[in-house]
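A.B. asks: Here's my sequence, what's the structure:
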Amino acid sequence: MVLRLLCLACLISVPLPTLSQESGKAKPRVPVTKRPEAVSKIGIIYVIGDVHKPMGVSMKDTGPITVLKALATAEGANATAGLHHAKIIRKGGNGASEIPVDIMQIMQAKAPDVMLQADDILFVPSSAGKSARKPQYYDAPPSDPLQGPTPIYIR
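C.D. replies: Sure thing, here's the model as predicted:
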């Protein structure tokens, strides 16, 4: 206990001018860093909805991006995705507009691949029919027989 007080007294006994000022000029306690620079706005396309990896895709490195390229960058659509009912949400002078896109038709080469613009949002919805057909799995405790009031845990 005495040793702690002695250490504390040594810390307090340091002259304050050496800590905060020297000959009238303040010493910065924290190193001064350069102010953060403004980040230049580059074109980003957002891929959201029923895809494997919803994300923003930068147009800086890739240049123009089509719907299929953006979907491939998001690692494709999930099995429950409604590819016939996808939309491009595009902001304009009159507000946001929705452009319907049939990704299934584009993948079958029956429709042209649509070019995306900066700040577009590609939305891939879930298909209610595909989601309803998804099999349900139930977990039961492995050591208990399925007799009596055994709870069944739904995953």
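A.B. asks: Mind jotting down where the helices sit in the protein?
C.D. replies: 2-12, 16-20, 59-62, 67-73, 103-107, 128-132 (DSSP state H).
A.B. asks: roughly how far apart are the closest residue to residue 119 other than its chain neighbours and residue 99?
C.D. replies: Nearest non-adjacent residue to residue 119, counting by CB to CB, 6 or more residues apart in numbering: residue 91, 5.9 Å away. For glycine as for every other residue, the C-beta is placed from the backbone atoms N, C-alpha and C. From residue 91 across to residue 99, the span is 12 Å (CB to CB, to the nearest Å).
A.B. asks: Check residue 74 too.
C.D. replies: In this view, residue 74 and residue 99 are 18 Å apart by CB to CB.
A.B. asks: Repeat that for residue 44.
C.D. replies: 18 Å.
A.B. asks: repeat for residue 49
C.D. replies: For residue 49, the distance to residue 99 equals 15 Å [CB to CB].
A.B. asks: So which of those two has more stuff around it?
C.D. replies: Taking neighbours as other CB atoms under 10 Å, residue 49 and residue 99 compare with residue 49 leading, 19 against 13.
A.B. asks: Just give the number of residues close to the nearest residue to residue 66 once chain neighbours are set aside.
C.D. replies: Spatial nearest neighbour of residue 66, excluding adjacent residues (CB to CB, 6+ apart): residue 113 at 4.3 Å. A count of nearby residues for residue 113, using other CB under 10 Å, gives 14.
A.B. asks: Brilliant, that's me finished.
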